[in-house]
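>>> Give the three-dimensional model of this entry:
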Amino acid sequence: MLVAAAVCPCPPVLVPEVAAGAAPELDAARSACLDAVGVLAAAQPDLLIVAGPAGPDDRGLFPSGSTGSFGGFGVDLTVRLGQAPTGSPAPARPLPASLAVGAWLLERRGWDGAGAEGLGVGEPLAADRCLRAGADLAARAERVALLVMGDGSACRTVKSPGYLDERAADFDAAAARALGSADVAALSALDESLAYELKAAGRAPWQVLAGAAEGAGLGGRLLYEDAPYGVGYLVAAWS
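Residues are numbered from 1 along each chain as shown. Okay, here's the model as predicted:
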(Lines give C-alpha, C1' and ligand atoms only; values in the text may rest on other atoms or scores of the structure.)
Protein backbone atom coordinates (compact mmCIF):
# COMPACT_ATOMS: atom_id res chain seq x y z
CA MET A 1 0.00 0.00 0.00
CA LEU A 2 1.21 3.49 -0.79
CA VAL A 3 2.07 5.39 2.40
CA ALA A 4 3.93 8.42 1.01
CA ALA A 5 5.02 10.05 -2.24
CA ALA A 6 7.24 12.90 -3.35
CA VAL A 7 6.87 14.56 -6.74
CA CYS A 8 9.88 16.37 -8.19
CA PRO A 9 10.99 17.73 -11.56
CA CYS A 10 13.82 15.86 -13.23
CA PRO A 11 16.09 18.24 -15.18
CA PRO A 12 19.75 17.26 -14.75
CA VAL A 13 20.46 20.92 -13.93
CA LEU A 14 18.98 20.21 -10.49
CA VAL A 15 22.41 18.68 -9.83
CA PRO A 16 24.68 21.66 -9.01
CA GLU A 17 27.69 20.11 -10.73
CA VAL A 18 25.69 19.92 -13.96
CA ALA A 19 24.25 23.42 -13.61
CA ALA A 20 27.70 24.86 -12.79
CA GLY A 21 27.45 28.67 -12.67
CA ALA A 22 23.66 28.58 -13.05
CA ALA A 23 23.20 26.37 -9.98
CA PRO A 24 21.81 29.14 -7.71
CA GLU A 25 18.91 29.69 -10.10
CA LEU A 26 17.34 26.41 -8.96
CA ASP A 27 18.19 26.64 -5.27
CA ALA A 28 14.53 27.02 -4.30
CA ALA A 29 13.44 24.06 -6.43
CA ARG A 30 16.31 21.96 -5.12
CA SER A 31 15.46 22.77 -1.52
CA ALA A 32 11.79 21.93 -2.07
CA CYS A 33 12.74 18.59 -3.64
CA LEU A 34 14.88 17.66 -0.65
CA ASP A 35 12.02 18.59 1.70
CA ALA A 36 9.67 16.36 -0.29
CA VAL A 37 12.12 13.45 -0.19
CA GLY A 38 12.26 13.88 3.59
CA VAL A 39 8.57 12.91 3.73
CA LEU A 40 9.48 9.54 2.21
CA ALA A 41 12.03 8.81 4.91
CA ALA A 42 9.59 9.81 7.64
CA ALA A 43 7.08 7.26 6.32
CA GLN A 44 9.54 4.38 6.92
CA PRO A 45 8.53 2.39 3.83
CA ASP A 46 9.43 -1.23 3.20
CA LEU A 47 10.03 -0.41 -0.45
CA LEU A 48 10.88 2.83 -2.24
CA ILE A 49 10.38 3.10 -5.99
CA VAL A 50 11.65 6.00 -8.09
CA ALA A 51 9.51 6.45 -11.21
CA GLY A 52 10.32 8.82 -14.04
CA PRO A 53 10.06 9.36 -17.80
CA ALA A 54 12.28 7.19 -19.96
CA GLY A 55 13.01 6.61 -23.62
CA PRO A 56 12.32 3.35 -25.47
CA ASP A 57 15.55 1.68 -24.30
CA ASP A 58 15.18 2.77 -20.67
CA ARG A 59 11.70 1.61 -19.76
CA GLY A 60 10.77 -0.95 -17.14
CA LEU A 61 12.18 -1.86 -13.76
CA PHE A 62 15.68 -1.09 -12.50
CA PRO A 63 16.75 -3.19 -9.50
CA SER A 64 18.41 -1.93 -6.35
CA GLY A 65 22.05 -1.13 -6.95
CA SER A 66 21.49 0.32 -10.43
CA THR A 67 23.78 3.23 -11.21
CA GLY A 68 23.47 6.33 -13.33
CA SER A 69 26.02 8.77 -14.66
CA PHE A 70 25.97 12.45 -15.52
CA GLY A 71 28.94 12.00 -17.83
CA GLY A 72 26.73 12.81 -20.80
CA PHE A 73 26.32 16.29 -19.34
CA GLY A 74 30.06 16.81 -18.98
CA VAL A 75 30.23 15.93 -15.28
CA ASP A 76 32.19 13.04 -13.76
CA LEU A 77 29.48 12.04 -11.30
CA THR A 78 27.91 8.64 -10.71
CA VAL A 79 24.94 7.87 -8.47
CA ARG A 80 23.54 4.60 -7.15
CA LEU A 81 19.91 3.75 -6.50
CA GLY A 82 19.83 1.61 -3.37
CA GLN A 83 22.13 -1.32 -2.73
CA ALA A 84 22.23 -4.55 -4.69
CA PRO A 85 21.46 -7.62 -2.55
CA THR A 86 24.56 -9.31 -1.15
CA GLY A 87 26.04 -11.73 -3.62
CA SER A 88 24.00 -10.55 -6.59
CA PRO A 89 25.74 -9.18 -9.69
CA ALA A 90 25.74 -5.45 -10.23
CA PRO A 91 22.87 -4.38 -12.52
CA ALA A 92 24.16 -3.76 -16.02
CA ARG A 93 21.56 -1.33 -17.36
CA PRO A 94 22.31 2.30 -16.44
CA LEU A 95 19.59 4.52 -15.04
CA PRO A 96 17.93 6.99 -17.42
CA ALA A 97 18.50 10.65 -16.61
CA SER A 98 15.22 11.11 -14.70
CA LEU A 99 15.98 8.24 -12.35
CA ALA A 100 19.59 9.35 -11.97
CA VAL A 101 18.34 12.73 -10.75
CA GLY A 102 16.04 10.90 -8.34
CA ALA A 103 18.94 8.81 -7.07
CA TRP A 104 20.98 12.00 -6.60
CA LEU A 105 18.18 13.54 -4.52
CA LEU A 106 18.04 10.43 -2.32
CA GLU A 107 21.80 10.48 -1.82
CA ARG A 108 21.75 14.20 -1.09
CA ARG A 109 19.01 13.65 1.52
CA GLY A 110 21.04 10.85 3.13
CA TRP A 111 18.55 8.10 2.32
CA ASP A 112 19.42 4.99 4.32
CA GLY A 113 16.05 3.33 4.66
CA ALA A 114 14.41 0.67 2.52
CA GLY A 115 15.96 -0.66 -0.63
CA ALA A 116 15.21 1.53 -3.61
CA GLU A 117 14.24 0.45 -7.12
CA GLY A 118 13.50 2.36 -10.30
CA LEU A 119 10.78 2.36 -12.94
CA GLY A 120 11.31 3.99 -16.32
CA VAL A 121 7.93 5.06 -17.72
CA GLY A 122 7.39 5.69 -21.42
CA GLU A 123 6.11 9.22 -21.99
CA PRO A 124 3.40 8.07 -24.46
CA LEU A 125 2.08 5.36 -22.08
CA ALA A 126 -1.72 5.46 -22.06
CA ALA A 127 -3.39 6.68 -18.89
CA ASP A 128 -5.14 3.38 -18.13
CA ARG A 129 -1.84 1.51 -18.34
CA CYS A 130 -0.18 4.08 -16.07
CA LEU A 131 -2.93 3.60 -13.50
CA ARG A 132 -2.57 -0.19 -13.62
CA ALA A 133 1.20 0.05 -13.27
CA GLY A 134 0.78 2.26 -10.22
CA ALA A 135 -1.68 -0.12 -8.60
CA ASP A 136 0.78 -2.98 -9.16
CA LEU A 137 3.57 -1.00 -7.51
CA ALA A 138 1.46 -0.20 -4.46
CA ALA A 139 0.65 -3.90 -4.03
CA ARG A 140 4.28 -4.97 -3.89
CA ALA A 141 4.79 -4.34 -0.16
CA GLU A 142 2.87 -3.41 2.97
CA ARG A 143 4.42 0.07 3.00
CA VAL A 144 5.42 1.51 -0.37
CA ALA A 145 6.75 5.01 -1.06
CA LEU A 146 7.14 6.63 -4.47
CA LEU A 147 9.56 9.30 -5.64
CA VAL A 148 7.91 10.51 -8.83
CA MET A 149 10.12 12.43 -11.24
CA GLY A 150 8.76 14.48 -14.12
CA ASP A 151 8.44 17.96 -15.58
CA GLY A 152 5.36 19.88 -16.59
CA SER A 153 4.92 21.53 -19.96
CA ALA A 154 7.97 22.70 -21.90
CA CYS A 155 6.05 25.44 -23.71
CA ARG A 156 5.66 28.27 -21.22
CA THR A 157 7.65 30.97 -23.07
CA VAL A 158 9.08 31.69 -26.48
CA LYS A 159 12.44 30.48 -25.16
CA SER A 160 11.02 27.17 -23.93
CA PRO A 161 12.26 23.92 -25.52
CA GLY A 162 8.82 23.64 -27.18
CA TYR A 163 8.34 27.37 -27.82
CA LEU A 164 5.26 29.18 -26.44
CA ASP A 165 1.91 27.43 -26.34
CA GLU A 166 -0.92 29.39 -24.72
CA ARG A 167 -2.39 26.15 -23.31
CA ALA A 168 0.71 25.33 -21.28
CA ALA A 169 0.09 27.56 -18.26
CA ASP A 170 -3.42 26.18 -17.74
CA PHE A 171 -2.18 22.60 -18.07
CA ASP A 172 0.53 23.18 -15.47
CA ALA A 173 -1.91 24.93 -13.15
CA ALA A 174 -4.30 21.98 -13.32
CA ALA A 175 -1.46 19.57 -12.61
CA ALA A 176 -0.30 21.73 -9.69
CA ARG A 177 -3.79 21.73 -8.17
CA ALA A 178 -4.06 17.97 -8.49
CA LEU A 179 -0.61 17.29 -7.08
CA GLY A 180 -1.00 19.82 -4.29
CA SER A 181 -4.28 18.31 -3.09
CA ALA A 182 -3.48 14.64 -3.82
CA ASP A 183 -6.46 14.61 -6.17
CA VAL A 184 -6.22 11.16 -7.71
CA ALA A 185 -9.22 11.66 -10.00
CA ALA A 186 -7.86 14.92 -11.41
CA LEU A 187 -4.43 13.40 -12.03
CA SER A 188 -6.02 10.41 -13.72
CA ALA A 189 -7.98 12.74 -15.99
CA LEU A 190 -5.01 14.72 -17.32
CA ASP A 191 -5.24 14.81 -21.11
CA GLU A 192 -2.47 12.59 -22.42
CA SER A 193 -2.66 13.96 -25.96
CA LEU A 194 -2.40 17.55 -24.77
CA ALA A 195 0.43 16.61 -22.42
CA TYR A 196 2.32 15.10 -25.33
CA GLU A 197 1.81 18.22 -27.46
CA LEU A 198 3.06 20.37 -24.59
CA LYS A 199 6.05 18.06 -24.00
CA ALA A 200 4.96 17.47 -20.39
CA ALA A 201 7.19 14.53 -19.54
CA GLY A 202 5.70 14.18 -16.07
CA ARG A 203 2.20 13.24 -17.19
CA ALA A 204 2.76 9.46 -17.33
CA PRO A 205 4.70 9.19 -14.03
CA TRP A 206 2.07 11.39 -12.32
CA GLN A 207 -0.63 9.01 -13.51
CA VAL A 208 1.39 6.05 -12.21
CA LEU A 209 1.24 7.85 -8.86
CA ALA A 210 -2.53 8.25 -9.24
CA GLY A 211 -2.90 4.52 -9.74
CA ALA A 212 -0.73 3.74 -6.73
CA ALA A 213 -2.59 6.21 -4.51
CA GLU A 214 -6.11 5.02 -5.29
CA GLY A 215 -7.80 4.27 -1.97
CA ALA A 216 -4.72 5.20 0.10
CA GLY A 217 -6.33 8.33 1.56
CA LEU A 218 -3.18 10.46 1.38
CA GLY A 219 -3.13 14.24 1.65
CA GLY A 220 -0.94 16.50 -0.47
CA ARG A 221 1.07 19.71 -0.19
CA LEU A 222 2.45 21.75 -3.09
CA LEU A 223 5.96 22.84 -2.11
CA TYR A 224 7.10 24.58 -5.30
CA GLU A 225 5.58 25.81 -8.56
CA ASP A 226 7.49 27.79 -11.18
CA ALA A 227 8.65 27.69 -14.78
CA PRO A 228 12.38 28.45 -14.93
CA TYR A 229 13.75 28.09 -18.45
CA GLY A 230 10.14 28.01 -19.68
CA VAL A 231 9.48 24.52 -18.29
CA GLY A 232 6.91 23.81 -15.59
CA TYR A 233 8.54 22.49 -12.42
CA LEU A 234 6.29 21.19 -9.63
CA VAL A 235 7.23 19.76 -6.25
CA ALA A 236 4.69 18.08 -3.97
CA ALA A 237 4.64 15.80 -0.96
CA TRP A 238 1.91 13.25 -0.18
CA SER A 239 1.51 11.55 3.17
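>>> Mind pulling up the pLDDT for the most centrally placed residue in the chain?
For the chain, the residue sitting closest to the mean C-alpha position, by C-alpha atoms, centre = their mean, is Met149 at 1.0 Å. Met149 carries a pLDDT value of 98.
>>> just checking, it touches Val101?
Yes: applying C-beta atoms under 8 Å as the test, Met149 and Val101 come out as touching, 6.2 Å apart. Where C-beta positions appear, they are placed from N, C-alpha and C, glycine not excepted.
>>> Which neighbours do the two have in common?
Here Met149 and Val101 have 8, 10, 52 as joint contacts, going by C-beta atoms under 8 Å, 6 or more residues apart in numbering.
>>> tell me what the one helix or strand Ala210 maps to is packed against?
Using DSSP states H and E, Ala210 falls within helix 203-213. Other elements packing on helix 203-213 under the criterion 3 or more C-beta pairs under 8 Å, 6 or more residues apart in numbering; DSSP states H and E are strand 2-8, strand 47-54, strand 116-122, helix 127-138, strand 144-149, helix 168-180, helix 184-188, helix 192-197.
>>> What are the contacting residues of the third one?
Just to be clear, that refers to strand 116-122. Strand 116-122 has contacts (C-beta under 8 Å, 6+ apart) with 47-56, 58-64, 66, 81-82, 95-96, 98-99, 102-103, 106, 130, 133, 137, 204-205, 208.
>>> and if we set it to 7 Å?
With contact meaning C-beta atoms under 7 Å, 6 or more residues apart in numbering, strand 116-122 is reached by 48-54, 58-64, 66, 81-82, 95-96, 99, 106, 204-205, 208.
>>> Give me the buried subset of these.
Listed as buried from the contacts of strand 116-122 are 48-54, 58-59, 62-64, 66, 81-82, 95-96, 99, 106, 204-205, 208; burial here means 16 or more other C-beta atoms under 10 Å.
>>> Looking only at the longest helix along the chain, what residues are buried by neighbour count?
Counting residues, the longest helix in the chain under DSSP state H turns out to be helix 27-42. Residues of helix 27-42 classed as buried by neighbour count (16+ other C-beta under 10 Å): 29-30, 32-37, 39-41.
>>> and if you look at stretch 165-172?
By neighbour count with 16+ other C-beta under 10 Å, stretch 165-172 contains the buried residues 165, 168-169, 171-172.
>>> Excluding chain neighbours, give the residue nearest to Leu95 in space.
Once flanking residues are discounted, Leu95 sits nearest to Gly68: 3.2 Å by C-beta to C-beta, 6 or more residues apart in numbering.
>>> what sits against that neighbour?
79, 94-95, 99-100, 103.
>>> One more pass at 6 Å, please.
Gly68 makes contact with 79, 94-95, 100, 103 under the criterion C-beta atoms under 6 Å, 6 or more residues apart in numbering.
>>> Mind checking what secondary structure it has?
Three-state assignment for Gly68 (DSSP: H, G, I helix; E, B strand; the rest coil): strand.
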